[in-house]
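1. Sequence and predicted model, in that order:
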Amino acid sequence: MALHNVSDGTGSNAKKLTLFEGSMHKVYGPYPTDTSDPISWQPPAKPGAGGHRGRYLWTDAFGVINFITLSHEKEGIHSKKLYLELARRLADKVHSVLGRTRDGTSHLHGATDEEPLKGGLRIGKLDAGGPDGDGQYHHYLILWMFALNRLALATEEPQWNDLAVQLARAIHPHFMTERGDQESMVWKISIDMRRVLVSSKGNLDDVDGLVVYRLLQETAEHFDKMNATDSPSPGSSTLDTEIKHYRRIMANHPKSLSGDPLDLGMSLWISHFDKEATWSRELAKQGLTIARNRFLPAAQSPVSADKKHSYRLAFREFGGCLGIKCYVDDPAQPLHTAAEAVLDAWEGKVLNAADEDLRPINLVMYAAALIPGAFHKGYVGSRKG
C-alpha cells in the first residue's frame, strides 16, 4: 500500500486540541478548567494511569508532558497557569506513590525526605512479583527525567530539573554491568535496586541516557546562568561521568531496529534532539526506512470497529506517529501526513482498542501523537532543546 498524502490528518488544530484534551480528561479527569489554581484536584487513583495505586510511570510521564503542551496550546494566562499546576501536582503524586514502597509506608531504599528520588521510582506494575511484576525500568526512568526537565523549563522552576539529576545519578550505576570485557547495561532491576531482574540490554537505553542526561546538564547550566551563580545549584551536580559511560557503551553496541512501531518511534524521537550526530543519522535512517516501507503503509488501513483489530496495539502505533512527527516536523512532508492518516484511522476507536489496563497508555500516547508539543525540541523554555 502506498503512503497517502492527506492534507491535515485529524483536521484542524482546533479538532486536534479537542481530541487531545478529551483523551486527557478520560485519564486524569475530572479536572477543573475554570480556575488557574485547582486547589482540590488530585490525580485520580482509579482508573488513573492504570498502574499500582493509580500510578504508572510511563503513562504519567506522558501525562506531565501533555499537560505542559496544553499550557501552551490553550489560549490565555489562565490556561497556562492551570495546566502547569496540573503537571506539578501529577509529578508530586508520582513521587509520593512510585517513590515509596508498595505499601506506602516508607521511601524506596536510599531515598530520604531531602532526597526523595535517590531510591529511584517504581514502574507501577499491578503485581509485586513474577515475570511482569514491579521493579524499575531504565527507559521509563529516562522518560520521567525528560518530563521533569520539560516541567522545569516550562515553569522556570529549577527544582524539577534538580530532582531529575538526583534521579539520574542515583539509578545509573545500578543499570550498568560488564559482559566479557565490554561495558553494558541491564533492562530491569528490583524495586530496591539491589537485584537484576532482566539482564538483557534495552536497544535504546544507552542512547536515551546520553541525550536526556545531556539535556539535564545543559538545563542545570542554563538555570545557573540565569541566576548569575558561580557554583551549581544543589541538585545540578555534573553528569559528565555518566554521559561518558553511555558514549562508551554506544560505541560497542551498534543499533539495529526491529519492525516494532514504538521502537522506530522512540528512535526517531530521541534522534531529533541531535540530527547531525553520527549515531543520530544512522539511527534515524533505519527508523525512517522502516516507517516508509513497513509501518505507515500498513497502519493507515482502517481500524476495525470490533475487537478483531486488537492485534494492533494502539499505543505502539501512536509512539511511531509521535516519533515521525517530531523528526519530520514539516506537515507537508509525506511521512508526516501519512502519520496523520494513521491517527485518522484510530479516531473514535481508541477506547475500544484494548482492555481497560491499556486504555490510559493508549489515550495519553494518542494525545501526544496528535500534538507532540513538549516532546518536541525547543517547544518549551528560552533555550534550544
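-> Happy to help now that I have it. Here the structure is a predicted model, which is why all the values come from computation and not from measurement.
2. Give the residue spans of this structure that score low on pLDDT.
-> 1-11, 229-237, 305-311, 354, 382-385 (pLDDT under 70).
3. How far off centre is stretch 165-180?
-> Here the centre of stretch 165-180 is set off from its chain's centre by 19 Å, with C-alpha atoms, centre = their mean, to the nearest Å.
4. Please apply the same query to stretch 44-53.
-> Worked out by C-alpha atoms, centre = their mean, stretch 44-53 lies 18 Å from the chain centre.
5. what comes up buried for that stretch?
-> Gly48, Ala49, Gly50, Gly51, His52, Arg53 (16 or more other C-beta atoms under 10 Å). From N, CA and C alone the C-beta is placed, and that goes for glycine too.
6. did I read that right, the first one in a helix?
-> Put plainly, it is Gly48. No: going by DSSP: H, G, I helix; E, B strand; the rest coil, the assignment for Gly48 is coil, not a helix.
7. Strands along this structure, start to end?
-> For the chain, the strands defined by DSSP state E occupy 136-137, 176-179, 182-185, 188-189, 196-198.
8. who touches the fourth one?
-> Surrounding strand 188-189, the residues in contact under the criterion C-beta atoms under 8 Å, 6 or more residues apart in numbering are Gly135, Gln136, Tyr137, His138, His174, Phe175, Arg195, Val196, Leu197, Val198.
9. you'd agree the second one is up against Gly124?
-> No: proximity of Gln136 to Gly124 does not meet the contact threshold set by C-beta atoms under 8 Å, at 10.4 Å.
10. which one among the buried residues of stretch 44-53 gets closest to Arg248?
-> Gly51 (33.6 Å; C-beta to C-beta).
11. Relative to Asp355, how far out is that closest one?
-> 14 Å (C-beta to C-beta, to the nearest Å).
12. And Ser71, by the same measure?
-> Per C-beta to C-beta, Ser71 is found 31 Å from Asp355.
13. between those two, which one's more packed in?
-> Ser71 (22 against 8; other C-beta atoms under 10 Å).
14. leaving aside the residues next to it on the chain, what's closest to that one?
-> Tyr83 (3.7 Å; C-beta to C-beta, 6 or more residues apart in numbering).
15. Tell me who's in contact with the one you found.
-> Tyr83 neighbours (C-beta under 8 Å, 6+ apart): Phe67, Ile68, Leu70, Ser71, Lys74.
16. quick one, helices of the stretch 201-350 of the chain?
-> 205-226, 240-252, 261-271, 278-290, 296-299, 314-327, 334-346 (DSSP state H, counting those that start in this stretch).
17. And for the stretch 51-200 of the chain?
-> So, for the stretch 51-200 of the chain - with DSSP H, counting those that start in this stretch - the helices run 57-73, 77-98, 138-155, 158-171.
18. So which of the strands of the chain is the most surrounded?
-> strand 136-137 (a mean of 24; mean count of other C-beta atoms under 10 Å).
19. Show me what it is in contact with.
-> Contacts for strand 136-137 (C-beta under 8 Å, 6+ apart): 57, 120-123, 171, 174, 187-191, 193.
20. In terms of distance to Val364, which of those ranks first?
-> Leu57 (12.0 Å).
21. quick one, what contacts that closest one?
-> Leu57 neighbours (C-beta under 8 Å, 6+ apart): Gly51, Val94, Leu98, Leu121, Arg122, Ile123, Gly124, Tyr137, Tyr140, Leu141, Leu143, Trp144.
22. re earlier: just put the helices of the stretch 201-350 of the chain in JSON lines and tack on mean neighbour count and distance to Leu90.
-> Compiled in JSON lines, the helices of the stretch 201-350 of the chain are given as follows (neighbours: other C-beta atoms under 10 Å; distance: least, C-beta to C-beta, whole Å):
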{"stretch": "helix 205-226", "mean neighbour count": "21", "distance to Leu90": "19"}
{"stretch": "helix 240-252", "mean neighbour count": "15", "distance to Leu90": "26"}
{"stretch": "helix 261-271", "mean neighbour count": "25", "distance to Leu90": "21"}
{"stretch": "helix 278-290", "mean neighbour count": "17", "distance to Leu90": "30"}
{"stretch": "helix 296-299", "mean neighbour count": "20", "distance to Leu90": "30"}
{"stretch": "helix 314-327", "mean neighbour count": "27", "distance to Leu90": "19"}
{"stretch": "helix 334-346", "mean neighbour count": "21", "distance to Leu90": "24"}
